[in-house]
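Colleague: Got a sequence here, can you build the structure:
(2 chains)
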Amino acid sequence: MAFGKRRKSQKRPPTVNASTLASRYDRRSFVITAVGAGVGTLLAGRMAYIAIAENEKYRVESESNRVNLTLIPPRRGWLLDRNGAPLASNRADFRVDVIPERMVNPERTLDTLAELLSLDAVALRDLKETVADARGFQPVEIGTGLSFEQFAAISVRLPDLPGVVPQRGYSRFYPTGPSVGHLIGYVGPASAEEYEIDRSPLLVTPGYKIGKDGLEKQFEQELRGEAGARRVEVTASGRIIRDLDTRPDVQGSPVKLTIDGPLQDYAARRIGLESGSAVVMDCDTGDLLCMSSMPSFDPNSFSSGIGSIEYAMLREDERVPLRNKVLKGLYPPGSTIKPMHCMTFLQEGIDPNETIVCGGGRRIGSRFFNCHSNHGVVDMNKAIAQSCDSYFYHFAQQVGFDKIAALAKRLGMGRQFPLPVTSQFYGTVPTPAWKEEKYGEPWRTFDTVNASIGQGYYLANPLQLAVMSARLATGKRLSPRLTMDQKVPVPADMGFDEEHLAYLRQAMSDVVNGAGTARRARLPLDGIQIAGKTGTAQVVGLNVSDGRTGPWKFRDHGLFVFFAPLDKPKYAGAVVIEHGGGSGSAYPIARDIMTFLFDPAKGMDALRSYERQWGGNAKERLAQKYARYAEAAGAEIPPSPPRAEEIFDRVDAEARMAAQQAEEFAENTDTVRQGRSNSGDSTGSGTGTPR
Amino acid sequence: MNSVIPAPIARQPWQMLIPLFILVAFGGAVLYSAAGGNFQPFASSHLIRFAVFFVMASIIVWFPRNFVKSAAYLVFGVVLIMLVGVEVMGAVKGGSQRWLELGFLRIQPSELMKPTIVLALASFYGTLPSGMIASWRAVVPAAALIIAPVGLVLLQPDLGTSLAIVFCGVVVMFLAGVPMRWFVAGGVAAAIATPLAFFFGLQDYQQRRVTTFLDPESDPLGSGYHITQSKIAIGSGGFSGKGFNEGSQSHLNYLPEPHTDFVFATMAEEWGLLGGILVLLIFALIMRWGLNVAKTANDRFAKLLAAGMVATMFFYVAINLMMVMGLAPVVGIPLPFMSHGGSSMMTNMICIGTLMMVNRWNREQNRSGFIR
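Modeller: From the prediction side, this is the model:
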């Protein structure tokens, strides 16, 4: 400042005395005062800017610091049976989850939790793997159904357990467990992929679960409900100071099914040690009263995250307890389609009294095809009641298989039904055109022969068999229905001749009540008669197995389609037992299911005596089996895949594989037929010897 | 002067003392709130410390001018030895430390060095002949007096206090009339040295503080968290604040150090812009009084001593407030008379006591002047 001037005017350093220093002090102290005042003004201005101009912004940020919004997961809607009893409900319980992202030392935290919850080594290892694989925001369930003591023990240690969320909540509860496993599915925490699709914050709320399979998945939106919210004041470290306000959740709407809960459970339990499924339909409305598929899994244990041992047990079971056999089990329908084929014959003008001679088989064209027995002179009634194959070889050849296939399709074979299910398999009704397209080969005589008795390329699932049976019993175009809608559907008439229907009903009655193949299927009730048709589907050639004994995998499937009462059909259905060794494994089950429908006490008596032999009901046996399996396997079980979906992907693949195997078998069926006629019903004295 | 009031009381500098008492009481109220509505542990010890150090200041007031001037280098030497002692203790015990345990008392010599460097330089320039002010002999000893303690404090390492000592020393040199070219040269040297010092001289955490200051959002949960939360506290306070004991930022622990470095943010959240203006005004009143004391002083030693003390307090206030408002990096400098902490209270009360002492010298000199 002042120096500049002075240096210009004088070359020598200026003489400095006390008074120049004093004036220099005054000038410089003024500068310093000004700078200080400037800083003060700047600070005041800065503060005014933050506090006034940016007040709104910082007020919001302060509030979002202070207030923490927690979602209250909505209680899931119930799944009800036709009488309003819950097939899936909610149970209040204490639960604990972890949020991996917020965990400081996952290893130690999980060890502490395992100690507090007394988890075993396998469960702990499963948890550690799940936590390691989880994406940060995904909560991982540690346990549900905690006792209050466990809950309290975790709660008091919370300051040392960052990322751990103990809470009171609701867990899904399936009272009949395995009986409804395939039908209803199960719930589980949303996967990362599901969160990608539905960015609802609910999906990453600890303890919230979505439907993963079956009806739980299909009705996800209805069942979900609306989340509640709790506003709390929290400290920087997340400690809750006080509740500010709470908006309660809105429970999801219930979904009422046509299923008859007890019947569903009964049928599942009655299948017992076998692997199979049972379907019962109402003949007035098409209501599906039961769709039981066994063996099954317990959706209760799936809901709380399936353990590796339990998963391994289910996966390794050759009876595929993860597959819904009602919809995804495809089987050659065998002789169960014979009444339906007869309807075509009748429509084509064939006199039911016209006979053929079964000489233990019949020559068609240049080849001789076996029947399972030598039936002698056979008319239509006898052909159905005693399941004579020769009759069908002959007349199928006469009317042509195209016409038979057309009616089969009208009766629901090879079709999907408009049901709220995740998937159902079509099956196959073979026709010349179909074979040409699929294999590029012309339809041959033996194709008609095989198809005429429900073998060959023919494939159907148990639901289709039940629908076929219902439509044939009533002559109405009944469509299966799974949910109770407002309006009850009025089925259209199939346009069958009433005389034809009466004839077939009588023939099917004779199967059970006359000189037929299923005389033991007679109902132990006065005045109510069941009618039906047996079926035995061969799975391998006779050179491998005779179909009744030997390895389970090679035994014949047992089938039975039925309706009751005979005079005015009210119920119709189908029972399919995989590798049951013949229809004798199927129709006693159908008999007991029908008995239970008309007289529950009598039905239960039968079931109880069986369950005593089997060692408990389905749920108990599953638990015992798991205990044995876990004990035998120890810790050698490979861990389960991290996502539950993979389980089902694989199962689907297996299911398709099974269907493919059936087709491959059908391609070689010519040799089968040569080897052994295979409509072999249990009463048949089929020689099974080649001629 | 009013004859009703006894002269010993009436001649006290009430124009400074009353604002100071208000400020300390206000600080006590803020600390009461910062403790969640309790006198313990902050507010009560704050007030007790003020009382103790006020007694100390009252004793300083009675030191005679010549005694102070002659003891200046001795005091400087003692404090410098204490700084060396801190280094030695740290080396012996392992790890750095800033405290010196004297059994009954815990002393932070680097804090004491701030008023001491002012005292030493004021004494140096007070005795330096006027004619020598333009020569190198006016600068080199003064620079040595500054560099010795700054070097020791940097070793601790404590950047904030080092800067404070440099600032105090430079202000005294500036007011002493050292030619402008030295400051220009020093400024250029600093401009060159700063980047070098930043990359080679600063510790990692210190570098982070600077970069965070330049862009607080770059690290919202780390170092930037302090500044962000402090601005949220001040900003959400608005014009008149959320009300006494209603500050959520401080009460729910979002604001770090709500009772020490960020006490101003704690205050501003509850008292708003009005409280902030009050604090700024009080500091302005105290410092204006201090500069008046310096201006009224008759000799260079007293002038420089008083002005240097004002500069010391100013540095505390300015850097702390700039820090909490996001205008300066987080350097860990408390706010005088409001922050909870013994060392800064002691330093600032030494400054107040020294100013009152110079004020007494002025008064007595004037009186004797009349007599002469």
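Colleague: make it CA atoms for all contacts and neighbour counts henceforth
Modeller: Will do.
Colleague: And A:Pro432, how close does it get to chain B?
Modeller: Distance, A:Pro432 to chain B, by C-alpha to the nearest C-alpha, to the nearest Å: 72 Å.
Colleague: Which secondary structure state does the closest residue to that residue other than its chain neighbours sit in?
Modeller: Nearest residue to A:Pro432, sequence neighbours excluded (C-alpha to C-alpha, 6 or more residues apart in numbering or on different chains): A:Trp443, at 4.9 Å. Of the three states, A:Trp443 takes coil under DSSP: H, G, I helix; E, B strand; the rest coil.
Colleague: ok now do A:Trp443, which residues does it touch?
Modeller: A:Trp443 makes contacts with A:Thr431, A:Pro432, A:Lys435, A:Glu436, as judged by C-alpha atoms under 8 Å, 6 or more residues apart in numbering or on different chains.
Colleague: again, but for B:Gly341
Modeller: Contacts of B:Gly341 by C-alpha under 8 Å, 6+ apart are B:His46, B:Thr260.
Colleague: do A:Ala48 as well
Modeller: Taking C-alpha under 8 Å, 6+ apart, one finds B:Leu273 in contact with A:Ala48.
Colleague: quick one, strands of chain B?
Modeller: Assigned by DSSP state E, the strands in chain B fall at B:100-101, B:106-107.
Colleague: Least reliable of those by average pLDDT, please.
Modeller: Lowest mean pLDDT within the strands of chain B: strand B:100-101, at a mean of 72.
Colleague: Now tell me what touches that strand from outside.
Modeller: Under C-alpha under 8 Å, 6+ apart, the answer for strand B:100-101 is B:Met82, B:Gly85, B:Val86, B:Arg106, B:Ile107, B:Gln108, B:Pro109.
Colleague: Which segments of chain A make up each domain?
Modeller: Here the domain parsing of chain A from automatic domain parsing is A:69-256, A:261-675.
Colleague: what about the shortest one, near chain B?
Modeller: The one in question is domain A:69-256. Yes. Using C-alpha under 8 Å from any C-alpha of the partner chain, domain A:69-256 reaches chain B at A:Val234, A:Thr235, A:Ala236, A:Ser237.
Colleague: nearest to B:Pro329, of those?
Modeller: A:Ala236 (22.6 Å; C-alpha to C-alpha).
Colleague: looking at this, that closest one is in a strand?
Modeller: No. Read with three-state DSSP, A:Ala236 is coil and lies in no strand.
Colleague: Can you report how many residues lie near it?
Modeller: Neighbours of A:Ala236 under the rule other C-alpha atoms under 10 Å in any protein chain shown: 17.
Colleague: Then B:Pro256?
Modeller: B:Pro256: 20 neighbours (other C-alpha under 10 Å).
Colleague: which residues of the stretch 51-200 of chain B fall in helices?
Modeller: With helices called from DSSP state H, counting those that start in this stretch, the stretch 51-200 of chain B shows them at B:65-93, B:109-127, B:140-155, B:159-176, B:180-196.
Colleague: Can you say which of these is packed in most?
Modeller: helix B:109-127 (a mean of 25; mean count of other C-alpha atoms under 10 Å in any protein chain shown).
Colleague: Show me what that helix is packed against.
Modeller: helix B:65-93, helix B:140-155, helix B:159-176, helix B:300-324, helix B:342-371 (3 or more C-alpha pairs under 8 Å, 6 or more residues apart in numbering or on different chains; DSSP states H and E).
Colleague: now those in TSV, with distance to chain A and mean pLDDT?
Modeller: As requested, these are exported to TSV (distance: least, C-alpha to the nearest C-alpha, whole Å; pLDDT from 0 to 100):
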stretch	distance to chain A	mean pLDDT
helix B:65-93	19	88
helix B:140-155	17	90
helix B:159-176	5	90
helix B:300-324	7	93
helix B:342-371	16	85
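Colleague: Make JSON lines out of the ones you listed and add distance to A:Leu463.
Modeller: As requested, the helices and strands packed on helix B:109-127 are arranged in JSON lines below (distance: least, C-alpha to C-alpha, whole Å):
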{"stretch": "helix B:65-93", "distance to A:Leu463": "84"}
{"stretch": "helix B:140-155", "distance to A:Leu463": "86"}
{"stretch": "helix B:159-176", "distance to A:Leu463": "82"}
{"stretch": "helix B:300-324", "distance to A:Leu463": "74"}
{"stretch": "helix B:342-371", "distance to A:Leu463": "86"}
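Colleague: among the ones you listed, which is nearest A:Val320?
Modeller: Closest to A:Val320 of those is helix B:300-324 (C-alpha to C-alpha; 67.4 Å).
Colleague: Determine the set of other helices and strands touching the closest one.
Modeller: By 3+ C-alpha pairs under 8 Å, 6+ apart, helix B:300-324 packs against helix A:18-48, helix B:109-127, helix B:159-176, helix B:224-237, helix B:263-296, helix B:342-371.
Colleague: Nearest to A:Leu202, out of the ones you listed?
Modeller: Closest of the helices and strands packed on helix B:300-324 to A:Leu202 is helix B:224-237, at 29.0 Å (criterion: C-alpha to C-alpha).
Colleague: Figure out how far the closest one is from the centre of its chain.
Modeller: 23 Å (C-alpha atoms, centre = their mean, to the nearest Å).
Colleague: hmm, it in reach of chain A?
Modeller: Yes. Part of helix B:224-237 sits near chain A under the criterion C-alpha under 8 Å from any C-alpha, namely B:Lys231, B:Ile232, B:Ala233, B:Ile234, B:Gly235, B:Ser236, B:Gly237.
Colleague: What pLDDT is listed against the second one?
Modeller: Note on B:Ile232: pLDDT of 92.
Colleague: That one and A:Asn65 touch, don't they?
Modeller: No. With contact defined as C-alpha atoms under 8 Å, B:Ile232 does not reach A:Asn65; the gap is 9.5 Å.
Colleague: can you pull out the helices in the stretch 351-500 of chain A?
Modeller: Under DSSP H, counting those that start in this stretch, the stretch 351-500 of chain A gives helices at A:380-385, A:389-399, A:401-410, A:432-439, A:445-452, A:462-474, A:498-513.
Colleague: Outside of the top strand by length along chain A itself, list whatever touches it.
Modeller: Using DSSP E, we find that the single longest strand of chain A is strand A:86-98. Residues external to strand A:86-98 that are found in contact with it (C-alpha under 8 Å, 6+ apart): A:75-81, A:139-148, A:151, A:163-176, A:180, A:184, A:206-207, A:261.
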